[in-house]
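**Q** Everything below, folded, please.
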Amino acid sequence: MKNLNEVSKDLTADLKKVISLADLENLQIKYLGRKGLINSLLQSIKKLKPEEKKNFGKKINDIKTAIKHLIEVKQKKLLYIHTQKDFIDISLPGKQYQRGSLHLVTYAIEEISEIFQKIGFIRMTYPEVEWEYFSFDALNMPKGHPARDDFETFFIDVPASRKNGKMILSPHTSSGQVREMIRVGKPPIRMINIAKCYRPNWDTTHTPMFHQFEGLCVDEGINITHLKGAINYFAKEFFAEDREIRLRPAHFQFTEPSFEPDITCGICLGKGEINGIKCRVCKSGWLELAGAGMIHPNVLKAGGIDPDIYTGWAFGFGIERIMMMKEGIKLDDMRILYDGDIRFLEQF
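**A** Residues are numbered from 1 along each chain as shown. Predicted coordinates:
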């Protein structure tokens, strides 16, 4: 009987301490759980004399019923308080939350992918951390080529591979050309490789980290007209019908012949100046967008493709640079894309 009185006193004290539904649940387990106080008292009945068991058992059941009632009352009070605290008046105006958006470069990547998907190109992404072999050797670039100097390429301070040379941060997406040829095996191949690239440059039209997308097409009978047609198709889709494209002869180790596609500047609209001042982006009315050309036979061989049977073209566009030329953007400094200035980013 002494234990029963102590249970009643403890319950009254414990109920005063309950301030949440979680507290109430713990209290219920303490008193009514499988290993709770009430069950412990019920198990002690067997130690009593026969004439005491009936009376003791009745009192335990009365206390158990009272505990359940007190817990239910407390639960209703807590639920009422909780409901009042979270009450929503639907007649009040809603809260205004800031609306986020994708980065401008991400929008460009999605648009580029859709444009080339329409003409049967698949999208791939190859490593950002690459080997010298895929970035240079497989692309017909000899050991002494200037691009392999640490002034132009980020080298990683790890042991070189006997087969693949030093490890680098990929300077261009062109390393994906040979990887894709090896992956596919036998043409036809129609691929765009979109990835981050790294070069130690920093000015109006360069950042140390930038994005490129590589176009690759290999099949029988592929020639320069197909290359020009693909670039012209992309330019009209991505920029606008009134923007002009030109191909200038150039030299790249991995293409022969090679070209640099230019587009009329979207800042000065091809005039080369704004209000009598030379355009800070193009300086001439034209801006170089990419490197392009017919794939060199040595590159086809490195990818396991027979150059006597198959030919192909490739190009590499800088995504940030084409965004500078996007109709209506009028972005005159590439670096602002990565400055994190919310005043610029929230416009898009």
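
**Q** mind showing which ranges of this structure have poor pLDDT?
**A** 1-4, 82-89 (pLDDT under 70).

**Q** Show which residue of this structure lies farthest from the average position.
**A** Farthest-out residue of the chain from its mean C-alpha position, per Cα atoms, centre = their mean: residue 51, at 77.0 Å.

**Q** any idea which element it lies in?
**A** helix 50-85 (DSSP states H and E).

**Q** now for that helix, which elements pack on it?
**A** Under the contact definition 3 or more Cβ pairs under 8 Å, 6 or more residues apart in numbering; DSSP states H and E, helix 50-85 sits against helix 2-17, helix 21-32, helix 37-43. From N, CA and C alone the C-beta is placed, and that goes for glycine too.

**Q** ok now that helix, how far from the chain's centre?
**A** 55 Å (Cα atoms, centre = their mean, to the nearest Å).

**Q** any idea which helix or strand comes after it?
**A** Sequence-wise, the next helix or strand downstream of helix 50-85 (DSSP H and E) is helix 104-117.

**Q** Would you list the phi and psi of residue 287?
**A** Phi and psi for residue 287, reported as degrees, to the nearest 10, are phi -130, psi 130.

**Q** ok, how many other residues are close to it?
**A** If you count neighbours by other Cβ atoms under 10 Å, residue 287 ends up with 22.

**Q** could you give the angle of the helix holding residue 51 to helix 21-32?
**A** 180 degrees (axes from the mean of the first three to the mean of the last three Cα atoms, to 10 degrees).

**Q** Show me the beta-bridge partners of the nearest residue to residue 158 once chain neighbours are set aside.
**A** Nearest non-adjacent residue to residue 158, counting by Cβ to Cβ, 6 or more residues apart in numbering: residue 167, 5.3 Å away. Beta-bridge partners recorded for residue 167 (DSSP bridges): residue 131.

**Q** for residue 17, what are its contacts?
**A** Going by Cβ atoms under 8 Å, 6 or more residues apart in numbering, residue 17 touches residue 23.

**Q** Can you mark which positions in the helix holding residue 51 are buried?
**A** For helix 50-85, a neighbour-count test (16 or more other Cβ atoms under 10 Å) marks 56, 60, 63-64, 67, 71, 74, 78 as buried.

**Q** mind putting the residues you listed in CSV, distance to residue 218 included?
**A** Below are these laid out as CSV (distance: Cβ to Cβ, whole Å):
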residue, distance to residue 218
56, 92
60, 87
63, 86
64, 82
67, 81
71, 76
74, 76
78, 71
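
**Q** closest to residue 306 among the residues you listed?
**A** Top of the list for closeness to residue 306, among the buried residues of helix 50-85 and by Cβ to Cβ, is residue 78 at 78.9 Å.

**Q** What separation is there between the closest residue to the closest one other than its chain neighbours and residue 80?
**A** Spatially, and ignoring its direct neighbours in sequence, residue 78 is nearest to residue 21 (5.5 Å; Cβ to Cβ, 6+ apart). Using Cβ to Cβ, to the nearest Å, residue 21 is found at 12 Å from residue 80.
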